[in-house]
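>>> return a 3D structure for these sequence lines:
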Amino acid sequence: MTPPRITIMGIFVADLAFRTPRLPAWGETVLGSDFRIGPGGKGSNQAVAAARLGAQVSFISKVGRDAFGDLARRTYAEEGIDVQFLYESADIATGAASIVVHESRGENAIVVVPGACNQLMAEEIDRARDQIAGSAVFLTQLEQPIALAAHALELARSLGVTTILNPAPATTLPASLYALCDYLTPNESEAALLTDLPVETDEQAKRAAEALLARGARNVIITLGERGALVKNASVSAHVPAFHAGPVVETTGAGDAFAGGFAVALAEGRNIVESTRFACAAAGISVTRPGTAPSMPRRREVDQILQH
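Numbering: from 1, shown residues only. Next up is the predicted model:
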């Protein structure tokens, strides 16, 4: 079977990850136990996830002419990701993220500075029109300006391409954006912010999903961390349990593993519940490893855990 083609738009940043027993207070210094630099950014992580899971992936973004930009280009070369529409900024540096990871629980706190990615322009997205048109799925997030996400989603929709919006990081959305989303995939906190409803139980997640459907999204998947995911559309309402693949090392990147896995499964023709189960398996593996892009699983690993 020919691998499906997926186009992803998002940011690349260099992840500077620090492991520590606790977050410092303002003005305080805390000694950490580990430090690593690696490739990151939600869109970039999702592109790596989708490529490792068997899709042909094209990535739309912008980086600087610097060492972090070189890291991006090496990453995509190693993962076989098409970079025809990875643009360069001559005067703005590639972005970076500070990731503080709790050394025993694996929880994280993140500060992201997108850098050159914020210079991506609508006309540069339009140059990828044929690439998007030839894709089974178009996926984006909200680390680049919302206006750019809306422009790209509108373009993909006009071309008849299935659209996925991972509305992260959490922010309010213009009402017109929901109708551009074939699939909307917030986590609990993002769904709560979007709907102004509590999302602490499965029943509350269902009500939040119904509210998002009422705004125009065609399908809603709310990820629930270790509880799995809630799937909702006009005819389906289902809870998909999480996969526990081993001790949790770091939760950073789990949402990106989910998004990349979900896009691949949809592109391969799976239904919404099957696609969510595939994505939960990918996320379940990713949390057993440190890092973001480096934690993304390979296809054989996901297939293996799905067979159990």
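>>> okay, CA-based contacts and neighbour counts for the rest of this
Will do.
>>> tell me where the stretch 201-308 of the chain has helices.
Using DSSP state H, counting those that start in this stretch, the helices found in the stretch 201-308 of the chain span residues 202-214, 254-267, 272-286, 299-306.
>>> can you list those helices in TSV and add mean pLDDT?
As requested, these are arranged in TSV below (pLDDT from 0 to 100):
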stretch	mean pLDDT
helix 202-214	97
helix 254-267	97
helix 272-286	97
helix 299-306	96
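>>> just name the most buried of the ones you listed.
The highest average neighbour count among these, using mean count of other Cα atoms under 10 Å, belongs to helix 254-267 at a mean of 29.
>>> circling back to that earlier point, for E226, which of the helices of the stretch 201-308 of the chain is the nearest?
Closest to E226 of the helices of the stretch 201-308 of the chain, according to Cα to Cα: helix 272-286, at 8.5 Å.
>>> tilt between the closest one and helix 254-267?
Counting by axes from the mean of the first three to the mean of the last three Cα atoms, to 10 degrees, helix 272-286 lies at 140 degrees to helix 254-267.
>>> contacts for helix 272-286?
221, 228-229, 231, 238, 240-246, 251, 253-263, 265-266, 295-297, 302, 305-306 (Cα atoms under 8 Å, 6 or more residues apart in numbering).
>>> wait, doesn't T20 sit right on G106?
No - taking contacts as Cα atoms under 8 Å, T20 lies outside contact range of G106: 9.9 Å.
>>> assumed R19 was part of a helix.
No - counting by DSSP: H, G, I helix; E, B strand; the rest coil, R19 is not part of a helix but strand.
>>> for it, give me the pLDDT.
R19 carries a pLDDT score of 90 in this model.
>>> can you check T292 too?
Listed pLDDT for T292 reads 84.
>>> count of neighbours near it?
Neighbour count for T292, taken as other Cα atoms under 10 Å: 29.
>>> ditto for the one 4 residues further on
Other residues within reach of M296 by the criterion other Cα under 10 Å amount to 31.
>>> how about the residue lying closest to L230 once chain neighbours are set aside, what does it touch?
Spatially, and ignoring its direct neighbours in sequence, L230 is nearest to H239 (4.7 Å; Cα to Cα, 6 or more residues apart in numbering). Contacts for H239 were tallied using Cα under 8 Å, 6+ apart; they are D202, G228, A229, L230, V231.
>>> ok, V264 next?
With contact set as Cα under 8 Å, 6+ apart, V264 has these partners: P4, I6, A50, L53, G54, A55.
>>> hmm, back to that, now rank the contacts of H239 by neighbours and give me the top one.
Result: A229 is most packed of the contacts of H239 (other Cα under 10 Å), 27 neighbours.
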